[in-house]
Structure formats: C-alpha cells, structure tokens
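S.K.: this one's structure only:
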C-alpha cells in the first residue's frame, strides 16, 4: 500500500463554535469510511501553523485517496493538499 499525507485547513465558515467541530469531524469520518473502503487511516494530528490537520493514510488506489480528499473539502469545508509519502529508508535505498 502507498502512504499518503493529507493536510487540511479549515474554512472560517466550517463552524461557529469549537464544540460544533467535533460533530463535523465525526460526520466527515463516517462519510469517508462508508465511501472509501480502500483506505486505511493510520493517524490524524491537529497542528499549529499553516495547516490545521495532518492525516496519514494508506491506499492501493489513488482514486480512493482523491475521493477522501474531496469529502474532506466538501463536507469538512476545508482546503486540502495531498502528498505521496515514501518511507525514509526506502527513499534512501533508491539513491
């Protein structure tokens, strides 16, 4: 399986109160689980800085990753950037 990193930034319109975000996050997660069965979610991190969330996922089909990113954008009211990630030792082995 290939590893992908999806970084997201919330839109100011995504939620008005911080407690609303938990419901939004649960809805987005449920949508991805039901529509992107080919994805294995490894971890998610809240970050301080340019992005609000960093998600680490694995998938064999890049179309599933694209769909998950679109769900985050549409339902999560976020902008996303998706990166293919190569394990460091594997990367060094190609040099």
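M.R.: That came through fine. Nothing here was measured: the structure is a model prediction, and the numbers come from that model. Residues are numbered from 1 along each chain as shown.
S.K.: what sits up against stretch 31-38?
M.R.: 39, 41, 59-61, 64, 67-68, 71-72, 75 (Cβ atoms under 8 Å, 6 or more residues apart in numbering). (Glycine included, C-beta is placed from N, CA and C.)
S.K.: Where do the strands of the protein begin and end?
M.R.: Along the chain, counting by DSSP state E, strands occupy 2-10, 39-46, 53-59, 78-85.
S.K.: Mean pLDDT, mean neighbour count and distance to residue 23 for those - can I get that in CSV?
M.R.: Shown next, in CSV, are the strands of the chain (pLDDT from 0 to 100; neighbours: other Cβ atoms under 10 Å; distance: least, Cβ to Cβ, whole Å):
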stretch, mean pLDDT, mean neighbour count, distance to residue 23
strand 2-10, 96, 17, 14
strand 39-46, 96, 13, 16
strand 53-59, 97, 18, 16
strand 78-85, 97, 14, 15
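S.K.: In this protein, where's the longest helix?
M.R.: For the chain, the helix that runs over the most residues, judged by DSSP state H, is helix 18-35.
S.K.: Only the buried residues of that one, if you could.
M.R.: The neighbour-count check on helix 18-35 (16 or more other Cβ atoms under 10 Å) flags 24, 28-29, 31-32 as buried.
S.K.: Right, I'll call it a day here.
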